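[1] sequence and predicted structure below; questions after.
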Amino acid sequence: MEVFDFEDVQMIPNKSIVQSRSECDTSIKFGPREFKIPVVPANMQTVMNEELAVWFAENDYFYIMHRFDEEGRIPFVKMMHEKGLFASISVGIKDYEYDFVRQLAEEKIVPEYITIDVAHGHSEYVIDMIRFVKEYLPETFLIAGNVGTPEAVRELENAGADATKVGVGPGRVCITKLKTGFGTGGWQLAAVRACAKAATKPIIADGGIRHNGDIAKAVRFGASMVMIGSLFAAHEESPGKSREIDGKMYKEYFGSASEHQKGEHKNVEGKIEMIRARGKLIDTLVEMQQDLQSAISYAGGNKLEAIRHVDYVLVRNTIYNGDR
Ligand SMILES: NC(=O)C1=CN([C@@H]2O[C@H](COP(=O)(O)OP(=O)(O)OC[C@H]3O[C@@H](n4cnc5c(N)ncnc54)[C@H](OP(=O)(O)O)[C@@H]3O)[C@@H](O)[C@H]2O)C=CC1
Ligand SMILES: Nc1nc2c(ncn2[C@@H]2O[C@H](COP(=O)(O)O)[C@@H](O)[C@H]2O)c(=O)[nH]1
């Protein structure tokens, strides 16, 4: 297989058909709803919280709530539904998660989206959970992950997953690749391509996005949705704690498998980073949308779909052209 990552690829412009980039439509239908852009913040504790979830849902952006406040999940779904908003939550695969899903079904609390969020999604235990969720909550749109191979995508889809999440180890605070030697770190974009070719349902490209142009590249290689952690962390509204270092403000961004998150040094595959505090989240979202509109224009179309068909070249790390 030909391997490459985001920085190794440049897409080739086509003749533009629009008079203004504002004509380009970045919206995407994902599951039962349509969203403004094909981007979702990572379901991590320093990226998403209840307040942000409400704001994202109110403003037609997709979100996935993390699973680290286990007791808070049912009140969260109820609160979202009382406000007339969609609920999108995460589950793990431990035994008590089966009780949780059963409780949702018994109490008729049906989230619109559930994401099975584990590091190594290509596993019989994940397949069992997919079957269980689809049996008890058949109306919920079920995302399962994370995986890095076409075979895994096929197996999770066959078990009933409505979408799969691709990316094992490309994240900014990920140390899976260093600690285990496994993953899609360094060739995430090629893994997205291979998985998308095998997929019959949508895939989410998860991790490794460092620039807005990477979103367009992930779409080009088959992603319906792109999950991003580090670019969404450290905004004014981000949940991470703030700290002043040498007179500059930073916010924490830590891995979901970090010692910081787990509270113990066992199977640690994540780290904590301090990221320079940035402005408002809405400015980042608007810039992502504008950059995507521009990308659609370069692709020669006026809808997101146009990006999927463009030619590309492999430039092997040269896109910075000495500017970095
Ligand atoms: N996208 C990525 O590249 C990665 C993401 N993460 C994130 O970290 C968080 C914690 O993940 P995770 O450790 O899966 O969650 P959990 O702690 O809930 O573990 C999942 C379950 O699977 C079992 N398991 C068996 N083999 C593995 C394996 N190789 N990796 C992980 N679990 C295994 C675990 O048992 P036991 O603990 O006894 O082994 C546990 O029961 C998640 O939010 C996940 O998204 C973590 C690493 C990589
Ligand atoms: N290997 C690990 N991966 C992790 C951990 N916590 C989260 N993640 C993954 O990273 C992406 C976000 O990536 P980014 O490049 O946009 O910052 C996130 O969605 C998870 O899939 C972890 O502790 N270890």
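    It's in. Ligands and ions are numbered 1, 2, ... in the order given.

[2] check the residue nearest to residue 309 when sequence neighbours are not counted and give its pLDDT.
    Once flanking residues are discounted, residue 309 sits nearest to residue 299: 7.5 Å by Cβ to Cβ, 6 or more residues apart in numbering. The C-beta positions use only the backbone N, C-alpha and C, and glycine is treated the same way. Looking at residue 299, its pLDDT is 98.

[3] the nearest residue to residue 31 once chain neighbours are set aside pairs with what?
    Leaving out its chain neighbours, the residue that sits closest to residue 31 by Cβ to Cβ, 6+ apart is residue 141, at 3.5 Å. Beta-bridge partners for residue 141, by DSSP bridges, are residue 113.

[4] count of residues packed around the residue nearest to residue 309?
    When neighbours are defined as other Cβ atoms under 10 Å, residue 299 has 26 of them.

[5] gap between it and residue 24?
    Distance, residue 299 to residue 24, by Cβ to Cβ, to the nearest Å: 9 Å.

[6] would you agree residue 207 is in contact with residue 230?
    No. Using Cβ atoms under 8 Å, residue 207 makes no contact with residue 230, being 9.1 Å away.

[7] the more surrounded of those two?
    Under the neighbour definition other Cβ under 10 Å, residue 207 and residue 230 were set side by side, and residue 207 has more, 25 against 20.

[8] quick one: contacts for the more buried one?
    42, 167, 169-172, 174, 188, 227, 229 (Cβ atoms under 8 Å, 6 or more residues apart in numbering).

[9] in strands, which of those appear?
    residue 227 (DSSP state E).

[10] residue contacts, residue 221?
    Contacts of residue 221 by Cβ under 8 Å, 6+ apart are 189-190, 192-193, 196, 205.

[11] most neighbours among the residues you listed, please name it.
    For the contacts of residue 221, the largest number of neighbours (other Cβ under 10 Å) sits with residue 205, at 33 neighbours.

[12] residue 284: neighbour count?
    Look at residue 284: counted by other Cβ under 10 Å, it has 18 neighbours.

[13] I figured it hits residue 278, correct?
    Yes. With contact defined as Cβ under 8 Å, residue 284 reaches residue 278; the gap is 7.3 Å.

[14] what residues does the stretch 101-250 of the chain put near ligand 1?
    Counting by Cβ under 6 Å from any ligand atom, the residues of the stretch 101-250 of the chain lying close to ligand 1 are 117-120, 146, 167-169, 171, 174, 176, 207.

[15] show me the residues you listed that map onto helices.
    Within those, residues falling in helices by DSSP state H are residue 176.

[16] distance to residue 61 and pLDDT for the residues of the stretch 101-250 of the chain next to ligand 1 - can I get that in CSV?
    Output for those, formatted as CSV (distance: Cβ to Cβ, whole Å; pLDDT from 0 to 100):
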residue, distance to residue 61, pLDDT
117, 19, 98
118, 24, 97
119, 26, 97
120, 28, 98
146, 21, 98
167, 20, 98
168, 25, 97
169, 26, 96
171, 20, 97
174, 24, 95
176, 28, 95
207, 19, 97
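
[17] where does the stretch 1-150 of the chain come near ligand 2, residue by residue?
    Residues of the stretch 1-150 of the chain lying near ligand 2 (Cβ under 6 Å from any ligand atom): 42, 44, 146.

[18] give me that answer again for 8 Å
    Residues of the stretch 1-150 of the chain found near ligand 2 (Cβ under 8 Å from any ligand atom) are 42-44, 119, 145-146.

[19] and residue 290, that one's in a strand?
    No. Secondary structure of residue 290 (DSSP: H, G, I helix; E, B strand; the rest coil): helix, not part of a strand.

[20] ranges for the helices of the stretch 151-300 of the chain?
    176-180, 188-198, 212-220, 259-262, 281-298 (DSSP state H, counting those that start in this stretch).

[21] export the third one as CSV, just CAs?
    Provided in CSV are the C-alpha atoms of helix 212-220 (Å, rounded to 0.1, in the frame of the first residue of the first chain):
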residue,chain,number,x,y,z
ASN,A,212,-7.6,23.6,8.2
GLY,A,213,-6.5,22.3,4.8
ASP,A,214,-6.1,18.8,6.3
ILE,A,215,-9.9,18.7,6.7
ALA,A,216,-10.3,19.1,3.0
LYS,A,217,-7.7,16.4,2.4
ALA,A,218,-9.5,14.0,4.8
VAL,A,219,-12.7,14.6,2.8
ARG,A,220,-10.8,14.0,-0.5
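
[22] thank you kindly, that will do.
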